[in-house]
Each structure stands twice: as C-alpha cells, then as structure tokens.
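>>> next one to model:
(chains A, B and C)
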Amino acid sequence: MLTPAFFDRDCLEAAPELIGKILVMRAPDGTERRLRITETEAYRGETDTACHAHVGKTKRNEVLYMAPGTLYVYLCYGVHWLLNVITEKEGVPQGVLIRACAGAAGPGRLTKALGVTGALNRTMLGAGPLSIEDDGCRPEIVRLPRVGIGYASLEDQARLWRFADAKNHR
DNA sequence: TTAGTGATATCC
DNA sequence: GATATCACTAAA
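As a prediction, the model looks like this:
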C-alpha cells in the first residue's frame, strides 16, 4: 500500500507514477473494489492558474495546503465528486487529480464507481476506506495537456501536466 | 449541443 | 442576501 511518504514530493513526480497503481475502496460491508488508475493530472501551487489554490487559500481549497496523502474531494457542477490526493509538504498547495480508471472514464464516473463522496474530504489516504496499492505494474505513460481548465492562462493550459496509460486512454 | 445541479466565491 | 462560476455527464 502506498504511504503518505509517496506523496511527499512534487506533484509532477507523483502524478505519472500513480498511473498503473490500484485504487482500493473497502465498503462498510466488507466488499472491496479495485480499479487501476489510467489517468491523472497535476495541479501545482498558487502559480499554476489552473489550480484551485492560485487565488490564495480559501475554505474550499485549504485542503490543498494540508499534509501529503490527504484526500481532496470536491463537488463539481453540483453533481460530480472529483478525487484528488495532496502532494508536497504541509503549506504547499499541490495535488494530483485522479481523472480516470480502467473501466471508468471520467473523474465523475470514477468516484461514482468507487462510492467516493465528500465524506472522504480531508481524510488521509489509507486511514479511511480508500487506499492505493502498487502491484508492480509499470505501464507506458503519455503526457497530454490538461482538460476543463479554460479559465487558466494560455500558458498554463499548454502545460503537459496530464498523464495517462498509453494503452488505456482514448 | 445543451441542460442540469448545488457548493463556493464574489459581488452588491 | 444574490448571482455567477465551475477540474462534468447524460441525453439528444
């Protein structure tokens, strides 16, 4: 199982390494769901205009400033929960958005498939029902521009901070 | 292509 | 207090 130490570094290092890892969700009834991560995106601090933290700390995004391994679960468009894992040490607002898994394309569908909700916001990875495992899989990784960030500067939109399994994305 | 959905941030 | 915005999805 991945420990918080895995996330105690730059999101640009952690994000590509999460590709091929397994998201494990243990339901209260004991059942387990496992999905292999196929797509992530890096959100890197206040200087990244696509990152929620670029306007400074607010009540919503303060989770980004918390300790590495903390989960940031955010409700988008009133409908979809988006799952992020905080990277870098406390006080540095960085995170990795888990965008897609094998069999669940799209961040909203992913959380729905796993049963992730805002109840997990601010909880620590591994301390709650959700954890990530490494089964040794090292897929080929492609770098792509991030999506859904039209409000960011053109410069930041152009950054190749989206990472995907070369064989599993479309 | 467009409507839906509700928390959050920003503006009176 | 009110409105505008949004790291999306499903239906058409």
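
>>> enumerate the residues of chain A near DNA strand C.
Counting by Cβ under 7 Å from any atom of the strand, chain A comes close to DNA strand C at A:41, A:43, A:50-52, A:64, A:72, A:74, A:76-80, A:82, A:84, A:95, A:97, A:106-110, A:147-149, A:151. For glycine as for every other residue, the C-beta is placed from the backbone atoms N, C-alpha and C.

>>> can you give me the pLDDT of the nearest residue to residue A:102 once chain neighbours are set aside?
Distances taken as Cβ to Cβ, 6 or more residues apart in numbering place residue A:36 nearest to residue A:102, at 4.5 Å, with adjacent residues excluded. Per-residue pLDDT puts residue A:36 at 95.

>>> list the helices and strands the longest strand seen in chain A packs on?
The longest strand of chain A (DSSP state E) is strand A:32-44. Helices and strands touching strand A:32-44, by 3 or more Cβ pairs under 8 Å, 6 or more residues apart in numbering; DSSP states H and E, are helix A:11-18, strand A:22-26, strand A:94-101, helix A:107-114, strand A:162-165.

>>> which residue of chain A sits farthest from its center?
Distance from the C-alpha centroid of chain A, by Cα atoms, centre = their mean, peaks at residue A:29 (25.4 Å).
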